[in-house]
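Engineer: Sharing a sequence plus its predicted fold:
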Amino acid sequence: MEGVLHFFLPQHCVVCGTYVSQLLPFPLCEECQAKIVYFREAICLRCGRALPFPRALVCHHCRRFPFPFEYARAVAVYASPLREALHAFKYTGVISLAKFFGDLLVEYCEANPFLCQVDCILPVPLHPQREKERGFNQSLLLAQELSRVFHLPVLTRGVSRIKPTLPQTGLSMRERRRNVQGAFQVEDRKSVYRRDILIVDDVLTSRATVASLAQTLKRAGCGRVLVLALASGK
């Protein structure tokens, strides 16, 4: 539907509304692209959060309560204009933005090749009810962009979301952990056993969702678990 509309109607930036040339494969103007804030400062080597004290290597949380994944990284800060572009992608079905977002992930992996030294990619599963409402899994679209470049298989079966969780926005840290506890299930243990896996998601906030998924994978006998997201809160 989106492609048909763009064929007949002028294409406008999903963030600022300015006209965007039909030559661009996605509706995000170059000015808004240039305003995206990337992580440049020191980050926690474990969870990828920005560090308040640059001399530290690991954040306070990871020293006290280590996550079940080995590493987590995010490309950019979850702030305007990226936040609005992601909302358009996820909630209004502007799926052509997957190409732009995928390119950002690819560039980040090329600069940080350890992220793709894995056996397969796992997009964070959506609950079937949520995926039916949305019509697609945004994490799967991002994972497919990475797979196309790095020739890594994408796990689309064998791991599922069995609990219809609430949106994490507005929940406390404790509520977020409780919300996603037991949310995932590995049906096909062979698909993950002793395999190093890269989890791909769109946004990292508390890391509770990917931590719950990583814990489920580890219990099923997988190898290392790495996490890559497009954006993260600061």
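Structural biologist: Great, that's in hand.
Engineer: Please compute how far the host helix or strand of residue 132 lies from its chain's middle.
Structural biologist: Applying DSSP states H and E as the criterion places residue 132 in helix 128-134. Put simply, helix 128-134 sits 18 Å off its chain's centre (C-alpha atoms, centre = their mean, to the nearest Å).
Engineer: One more: stretch 142-161?
Structural biologist: The answer for stretch 142-161 is 12 Å, by C-alpha atoms, centre = their mean.
Engineer: And the contacts of it?
Structural biologist: If you take C-beta atoms under 8 Å, 6 or more residues apart in numbering as the criterion, stretch 142-161 is touched by 98-99, 101-103, 105-106, 109, 116, 118-128, 140, 183-188, 190-192, 197-198, 200-202, 213, 216-217, 228, 230. Every C-beta, even on glycine, is put in place using the N, C-alpha and C of the backbone.
Engineer: Which is the succeeding secondary structure element to the helix holding residue 132?
Structural biologist: Next element after helix 128-134 (DSSP H and E): helix 138-150.
Engineer: What residues of the next helix or strand after that following helix count as buried?
Structural biologist: Going down the chain from helix 138-150, the next helix or strand is strand 159-161, by DSSP H and E. By 16 or more other C-beta atoms under 10 Å, the buried positions in strand 159-161 come out as 159, 161.
Engineer: Residue 28: what's it in contact with?
Structural biologist: 13-15, 20, 81, 85, 97, 100.
Engineer: again but with residue 82, I slipped
Structural biologist: 36-37, 76, 230-231.
Engineer: Quick check: closest non-adjacent residue to it.
Structural biologist: Distance criterion C-beta to C-beta, 6 or more residues apart in numbering; nearest residue to residue 82, sequence neighbours excluded, is residue 36 at 4.9 Å.
Engineer: wait, is the one you found part of a helix?
Structural biologist: No. According to DSSP: H, G, I helix; E, B strand; the rest coil, residue 36 belongs to no helix; its state is coil.
Engineer: My read is that it contacts residue 83, right?
Structural biologist: No. Counting by C-beta atoms under 8 Å, residue 36 does not reach residue 83; the two are 9.9 Å apart.
Engineer: element containing the residue positioned nearest the centre of the chain?
Structural biologist: Residue closest to the mean C-alpha point of the chain, counted by C-alpha atoms, centre = their mean, is residue 201 at 1.9 Å. Taking DSSP H and E as the definition, one finds residue 201 inside strand 197-204.
Engineer: Heading C-terminal from that strand, find the next helix or strand.
Structural biologist: Next element after strand 197-204 (DSSP H and E): helix 208-219.
Engineer: what packs against that next one?
Structural biologist: strand 159-161, helix 173-180, strand 184-186, strand 197-204, strand 225-232 (3 or more C-beta pairs under 8 Å, 6 or more residues apart in numbering; DSSP states H and E).
Engineer: weakest of the ones you listed in terms of mean pLDDT?
Structural biologist: Mean pLDDT is lowest for helix 173-180 out of these, coming in at a mean of 69.
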